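fold the following and give me the result.
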Amino acid sequence: MTQRVCLVTGGNSGIGFEMCRGMAKAGFHVVMVSRGKERGAPALEKLQSEFGESIEMMLCDMSDLENIPILCAEYTAKFDRLDVLLNNAGALWGNREHTAQGNEMTFGVNHLGYFAMTQAFLPLLKSTENSRIVNTASEAHKMSRLDFTNLNFENKRYSQWRTYCNSKLCNILFTRELARQLEGTGIITHSFHPGVVRTRFAEDARGIMRLFWPLFRLTMIGSKRGAKTGLHLALSDDAGSSTGEYWSTSKRRKGNRAARNDVNATRLWELTEKMLDE
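Purely as a prediction, here's the structure:
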């Protein structure tokens, strides 16, 4: 297949849906990854009404990491290239829940899912010239208190917001170390803050957050605007001139000091590998 191909996790709603649309407009064949058919099918139908068979859906519930190699096998049976991987699936869970592998759910999906998805598709990305990996992060990383001895937040009173913030810092640190690991391969990778977007995010929140979230939504931006930076990173020459950076409003940003700590980026990578090997 000579047409460029893009894979978008969490592509059936919110900014993921708009990134699918934007990549299709740019001429890519888009694989929209959805957790299940119930939510994915209506989104697919809507996108195919605009772009026809240049959009298709594959399923992968990332709360069970064993689903990722199944997705990869399905994908590679059909495609021999991957030009852009958009790691976007993720959420915030109001109560402490666990993935199929026993990891805390927010950390497990938002960070371990990105890591495992990227590793699964890395051989294909390396064999595709000028490929890119784009990771959805957040300004929420600035409120993180990441404890490397307790990445699963198991030894503390559960905090839905703190756990989410930690996972978003992990996204940025992962991107920095990924860029270092991929030096010389030609693969570009970046992370970005989409803005505070009016999506189904936090629909499972509890307590005060659930009470006030409808009010917060009044000040939020739409999904189309929220997808702009991700599309800029996937498509622009500007983003292709560097790698491993954190972006917001289509511009390079520094993030906070914790997000620029390369020692911790390497440490997180090594700890993540150990967790996935267990």
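
host element of residue 133?
According to DSSP states H and E, residue 133 maps onto strand 132-136.

so for that strand, mean pLDDT?
With pLDDT averaged residue by residue, strand 132-136 scores 98.

which residues are contacting that strand?
The contact list for strand 132-136, computed with C-beta atoms under 8 Å, 6 or more residues apart in numbering, reads 15, 83-88, 90, 114, 118, 125, 171-172, 174-175, 178, 187-192, 194, 230, 233-234, 239-240. Every C-beta, even on glycine, is put in place using the N, C-alpha and C of the backbone.

all strands of the stretch 51-200 of the chain, in order?
55-59, 84-87, 132-136, 188-193 (DSSP state E, counting those that start in this stretch).

determine how far the last one lies from the middle of the whole chain.
The chain centroid and the centroid of strand 188-193 are separated by 10 Å under C-alpha atoms, centre = their mean, to the nearest Å.

what does it contact?
130-139, 171-172, 174-175, 178-179, 182, 229-230, 233, 239-240, 242-248, 253.

can you flag which of these belong to helices?
Judged by DSSP state H, helices contain the following of those: 171, 172, 174, 175, 178, 179, 229, 230, 233.

got CSV for these, with pLDDT, distance to residue 257 and neighbour count too?
As requested, the ones in helices among the contacts of strand 188-193 are arranged in CSV below (pLDDT from 0 to 100; distance: C-beta to C-beta, whole Å; neighbours: other C-beta atoms under 10 Å):
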residue, pLDDT, distance to residue 257, neighbour count
171, 98, 16, 24
172, 98, 12, 29
174, 98, 17, 25
175, 98, 16, 27
178, 98, 20, 24
179, 98, 18, 20
229, 97, 22, 23
230, 97, 25, 29
233, 98, 23, 25
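
export the residues you listed as a markdown table, with columns for distance to residue 159.
Below are the ones in helices among the contacts of strand 188-193 laid out as a markdown table (distance: C-beta to C-beta, whole Å):
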| residue | distance to residue 159 |
| --- | --- |
| 171 | 18 |
| 172 | 20 |
| 174 | 21 |
| 175 | 24 |
| 178 | 27 |
| 179 | 30 |
| 229 | 27 |
| 230 | 27 |
| 233 | 30 |
